[in-house]
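J.: coords please:
(chains A, B, C and D)
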4 protein chains.
Amino acid sequence: MSETAAETPTYSYLGPVGTFTWEALRQVPEAAGATWRSVSNVGEALDDVVSGRSVGAMIAIENSVEGGVSATQDALATVPGLRIVGEYLVPVDFVLVARPGTTLADVRTVSAHPVAYAQCRRFLEAQLPSHGHIPSASNVASAAGLLESTLADAAIAPPNITEHHDLAVLAEHIGDNPHAVTRFVLVSRTLGLPQRTGADKTSIIAELPDDAPGRLLEMLEQFATRGVNMSLIESRPIGDALGRYRFVIDLDGHIHDERVADALLGLRRFSPNVLFLGSYPRADKRPVEFVPQYSDDVFTDARDWLRGILSGEPPLT
Amino acid sequence: MSETAAETPTYSYLGPVGTFTWEALRQVPEAAGATWRSVSNVGEALDDVVSGRSVGAMIAIENSVEGGVSATQDALATVPGLRIVGEYLVPVDFVLVARPGTTLADVRTVSAHPVAYAQCRRFLEAQLPSHGHIPSASNVASAAGLLESTLADAAIAPPNITEHHDLAVLAEHIGDNPHAVTRFVLVSRTLGLPQRTGADKTSIIAELPDDAPGRLLEMLEQFATRGVNMSLIESRPIGDALGRYRFVIDLDGHIHDERVADALLGLRRFSPNVLFLGSYPRADKRPVEFVPQYSDDVFTDARDWLRGILSGEPPLT
Amino acid sequence: MSETAAETPTYSYLGPVGTFTWEALRQVPEAAGATWRSVSNVGEALDDVVSGRSVGAMIAIENSVEGGVSATQDALATVPGLRIVGEYLVPVDFVLVARPGTTLADVRTVSAHPVAYAQCRRFLEAQLPSHGHIPSASNVASAAGLLESTLADAAIAPPNITEHHDLAVLAEHIGDNPHAVTRFVLVSRTLGLPQRTGADKTSIIAELPDDAPGRLLEMLEQFATRGVNMSLIESRPIGDALGRYRFVIDLDGHIHDERVADALLGLRRFSPNVLFLGSYPRADKRPVEFVPQYSDDVFTDARDWLRGILSGEPPLT
Amino acid sequence: MSETAAETPTYSYLGPVGTFTWEALRQVPEAAGATWRSVSNVGEALDDVVSGRSVGAMIAIENSVEGGVSATQDALATVPGLRIVGEYLVPVDFVLVARPGTTLADVRTVSAHPVAYAQCRRFLEAQLPSHGHIPSASNVASAAGLLESTLADAAIAPPNITEHHDLAVLAEHIGDNPHAVTRFVLVSRTLGLPQRTGADKTSIIAELPDDAPGRLLEMLEQFATRGVNMSLIESRPIGDALGRYRFVIDLDGHIHDERVADALLGLRRFSPNVLFLGSYPRADKRPVEFVPQYSDDVFTDARDWLRGILSGEPPLT
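T.: Below you'll find the model as predicted:
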């Protein structure tokens, strides 16, 4: 490895080249010119970050159709020292590809990652009602495999697949849901916080103190009483027993927003186990809306008022 | 006035000597040896404090049978610069007195303060079914008047009346409710806070931001989400229109308790108008109970945790 | 008593003729032509209703400046078998009257009911700074007394006083607050419910199950989760010990509104002691506003849905 | 098909014989002697029920380590006319099997269903650090395949595999989590409700009315204000856009419990889309605990009280 290479930062992503994760990483300006390291699962990507081998890992966290990516959520809950520093959206669009010369009528077997396969069910049932499915490890491996083996006649892959492989497109936009999108996060080991932009998200993972009825309600009140909106809440099993969950939560706003910081204080007092995953700009750049009652200056004024009382200053009210 | 007298602090109370308010002031160690100034209503007592003529005013704030004393609550809401610094309880006990030589059978008219009169209704109906009532300005004036005029034959007064006036007791414990008690507060202009004792009360007055449904609920959540109990909530008309109220609230705990201070911050952010009336030891010295989740160290830990995140320190969780 | 008189219904009111209560009773169409019975306090008025002597009693329940009328609230809480059937508003307006020939400059002593006296303080301080106050039993007795005794030079009375007594007006509109208004309710023993008008009020009195923190919040949630707004909540001591309260509550809407009925069911399950005081048209005739989510048909639909499930019908959703 | 066969009910399950689903179906007394139909995924199983081909389908709904089974949750949310009628638990325990004569040292490649593979990671890393993974379609197919192909040397399978196939056990209890368990539900088309046992569960799926902050809190209050505990809440994407979720919820209790029925009424009024999936006995037979305030007779009493008021009966309180 040359000295220059040693200084080039590395980013890990679920490869190979052409996957949706790769598309997500293309959206990161800092990753341009960096070393891109293709890995085969979330655990490997996060290990790279923890070990310092990579400065960042791009990982899928939610799909608009399939829901939260459990492996990612569980890894973020258990691997210490990680921070989410950015969010990226990639539309989920599929093509059916084959070795040049193949026609749709020739297709008997389709290679596809199980998730992609499930998302193209309607097309497959209509156009290839009697095909067989050969599972593949990724959306790109499915297509790349066509060139190495004749086990499959066609493959489901992202549209960019033809940039990387000499394959013919048999059908475009074959996904069931034209609005499907996958949400990715860039994870790093940095402890510095991305700047507040006004269009931010804060991710946390928290456990309830016990199983008493109404505990989840109490936890959500920590946000509601500060006017903080949740854009996501998912329960994930803690894993030690059936019925014990942790909650993966996305809040509108940045920890530098007073209302978010105060909600986190309340949450930390309530929950025996809170993990702050990060505050970072939203992918959709949509500014966070909140009622004026929860603006920063209201918090500052209240603190000044309390400080005045505690220090024996004359009341101003 | 001698120089010594000039240096003696003055306390105002609803007089004359012998009233329940006078009994309450007797419970204040600092008032022993001070000048006691008898006034005729709450407004005068508070004026004395505001003007600096008195260092403190003892005023009735609640009766266990009659409820909150509206005049006191409204005065505290509108006279600026006041602080409650202590709470005192006086049992409400009445005797029927008359000029020596009078017997119960001789009594045709009874002089009594309207509130005292209402609290002895059962005795009066049973023993003096056909008497007439002559209203008096105070529980002592009723009795003192017997010596100046023969308009009334008997008077309702506190038991201590015979220490001050040459009157005969015709009947004892004539109040309807043997457990009746009046709660007094000592009000001053000091801005220093009485020390936290662990058995404290905090009094506030707050308005709701608007008339939207559920607003009171939202206000109470400020206390509930910090584990702060209310021992009193009373609504009082703001006075500008029917249906507009302010709320007089007593909280368990001292503003030096983290959970109370945090609840006050939340309240101040929520309410357009919050008045902090004081934190002071409870008259009954009963220690405040709260669940450990809301103890001071939980608040301190949460702040340390947040500070760590904001400053980029490694997470400890 | 003549036969005709025996058939004429009787209404009790705090008299004599000319009081604000009398003004309120004038607003009741059914009372025109009935016998009007003047009584001297709330207890007497309610006794008339309970005993059947009167079909209705008009009683003051709240003043926009002074707040709730404790005696009324406590009587409604403890006298069984009563129902509020109507609500009436009377503006609080005062004049200063005197025997003909008296001028303002002649006035040394003023006769006034203590509450009226308190509401004219600003006028009195400005115009009659050194007057003496002679308390009277009612706003009319104050003025009527001028004709019987010369103890007082002037009296505070309602504007209509000159219709009933030969007195001269020295000053008009002398109340401190030009918007002051008193709210009255008509109480009867009927158990039939006034028809729903869409501009109704429902009055209840309820106790909390125990002193646990957050109990009041829980009670209010019974209303909030059904979209029912409270226009009034007042705490009144139960009277057995300091710190034990019942709550007097006015809700927007009629018990024939599904959301109100359902909230009452929830309240009844929560509270060990609920008293339904009545559903009746609002004095201000302002239609009750509520979000469509809480309209009657939403309740009906939900019940139909549940009934379908319980009876084994195919789900329609 | 013989007449006898025509009368034998059919149950569908994720096969083949020996899977955890098969173990779950063995717990259903009614399934003994019935026809068992092996299917290859949840969709097929539910189709069997909807079409009437099977009277019931056993499907996995949650794993204590992996969490909710998304495919099942989404199918229940979208396939109409289904009801959960029973719940079953199967411990997740794995063995490593091979063709007789193979030793652990011989193993280069392991066939395993991806989920099973993930749950045995620790064993595999310790004992077979350099093995390759060959994904299989089920926990039984992995092992059965050993007898048809030599692609894999060993397979991860349930302990009962040796009852069905001539294979040797190389290692037992190889799962990472000794307490892992999978929860199954039996789904049918019946609309009759299983009897209330006192140890019941009610499953529902509901959407929020809109994206306003605090909406989830409002929904949970429907349960909390009736003392109904949630044992599960999971969000699942509705699928039409990122950020739109439905909630899969398990409640403690049976729809024949008054508090559950009332909570469902509240939920139905709140949510634009509620699906009742069923009330059925809990697998663990643990009686539902609730505070007496929410017992059936409290609901009945409240209804009687309200009915009395509405019908004009004298109040009993």
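
J.: what's residue A:15 in contact with, if anything?
T.: Residues near residue A:15 by C-beta atoms under 8 Å, 6 or more residues apart in numbering or on different chains: A:21-22, A:38-40, A:138, A:140. In this view, the C-beta of every residue, glycine as well, is placed from N, C-alpha and C.

J.: which stretches of the stretch 1-150 of chain A have low pLDDT?
T.: A:1-6 (pLDDT under 70).

J.: could you dump the contacts of residue A:15 into a markdown table with neighbour count added?
T.: A markdown table is the format used below for the contacts of residue A:15 (neighbours: other C-beta atoms under 10 Å in any protein chain shown):
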| residue | neighbour count |
| --- | --- |
| A:21 | 28 |
| A:22 | 22 |
| A:38 | 17 |
| A:39 | 19 |
| A:40 | 13 |
| A:138 | 22 |
| A:140 | 27 |
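
J.: quick check: residues of chain A near chain D?
T.: A:62-68, A:70, A:89, A:118, A:135, A:177, A:179, A:181, A:183, A:213-214, A:216-217, A:220-221, A:224, A:227-237, A:239-243, A:245 (C-beta under 8 Å from any C-beta of the partner chain).

J.: just the buried ones from those residues?
T.: Buried subset of the residues of chain A next to chain D (neighbour count, 16 or more other C-beta atoms under 10 Å in any protein chain shown): A:62-68, A:70, A:89, A:118, A:177, A:181, A:183, A:213-214, A:216-217, A:220-221, A:224, A:227-237, A:239, A:242, A:245.

J.: among the residues you listed, name the ones in helices.
T.: Among these, the ones falling in helices (DSSP state H) are A:70, A:118, A:216-217, A:220-221, A:224.

J.: count the residues that sit near residue A:196.
T.: Close neighbours of residue A:196, defined as other C-beta atoms under 10 Å in any protein chain shown, add up to 17.

J.: likewise residue A:114?
T.: 14.

J.: give the contact list for the spatially closest residue to it that is not a sequence neighbour.
T.: Spatial nearest neighbour of residue A:114, chain neighbours left out: residue A:135 (5.5 Å); criterion: C-beta to C-beta, 6 or more residues apart in numbering or on different chains. Applying C-beta under 8 Å, 6+ apart to residue A:135 gives the contacts A:111-114, A:117, D:135.

J.: please repeat the previous calculation with a cut-off of 10 Å.
T.: Neighbour list for residue A:135: A:111-114, A:117, A:142, D:114, D:135-137 [criterion: C-beta atoms under 10 Å, 6 or more residues apart in numbering or on different chains].

J.: filter the residues you listed down to just the ones in helices.
T.: Mapping these onto helices (DSSP H) picks out A:114, A:117, A:142, D:114.

J.: need the next SSE after the strand or helix carrying residue A:13, C-terminal direction.
T.: According to DSSP states H and E, residue A:13 maps onto strand A:10-14. Toward the C-terminus, strand A:10-14 is succeeded by helix A:20-25 as the next helix or strand (DSSP H and E).

J.: that following helix: what's the following helix or strand?
T.: Counting by DSSP H and E, the element after helix A:20-25 in chain order, helix or strand, is strand A:35-39.

J.: direction included, what does that following strand pair against?
T.: Strand A:35-39 has the following strand partners under DSSP bridges: strand A:10-14 (parallel).

J.: need the CA coordinates for the partner strand. CSV is fine.
T.: Output of strand A:10-14 as CSV, limited to C-alpha atoms (Å, rounded to 0.1, in the frame of the first residue of the first chain):
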residue,chain,number,x,y,z
THR,A,10,-12.0,4.1,3.2
TYR,A,11,-15.8,3.6,3.1
SER,A,12,-17.4,0.2,3.4
TYR,A,13,-20.6,-0.8,1.7
LEU,A,14,-22.6,-3.8,0.8
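
J.: buried residues, that strand. List them.
T.: For strand A:10-14, burial by neighbour count (16+ other C-beta under 10 Å) applies to A:10-14.

J.: likewise stretch A:67-79?
T.: Of the residues in stretch A:67-79, A:67-77 count as buried by neighbour count, 16+ other C-beta under 10 Å.

J.: returning to that earlier point: can you tell me which of the contacts of residue A:15 is nearest chain B?
T.: Using C-beta to the nearest C-beta, residue A:39 comes nearest to chain B of these, at 24.3 Å.

J.: contact partners for the closest one?
T.: A:12-15, A:21, A:45-48, A:54, A:57, A:59.

J.: tell me how far it lies from chain D.
T.: Between residue A:39 and chain D the computed distance is 16 Å (C-beta to the nearest C-beta, to the nearest Å).

J.: which residues does that residue bridge with?
T.: Under the criterion used (DSSP bridges), residue A:39 bridges to residue A:14.

J.: buried stuff in stretch A:282-300?
T.: Here stretch A:282-300 shows A:282-283, A:288, A:290, A:294-295, A:298-299 as buried, counting by 16+ other C-beta under 10 Å.

J.: what's the answer for stretch A:19-39, then?
T.: Applying a neighbour-count criterion of 16+ other C-beta under 10 Å, one finds A:19-28, A:31, A:34, A:36-39 buried in stretch A:19-39.
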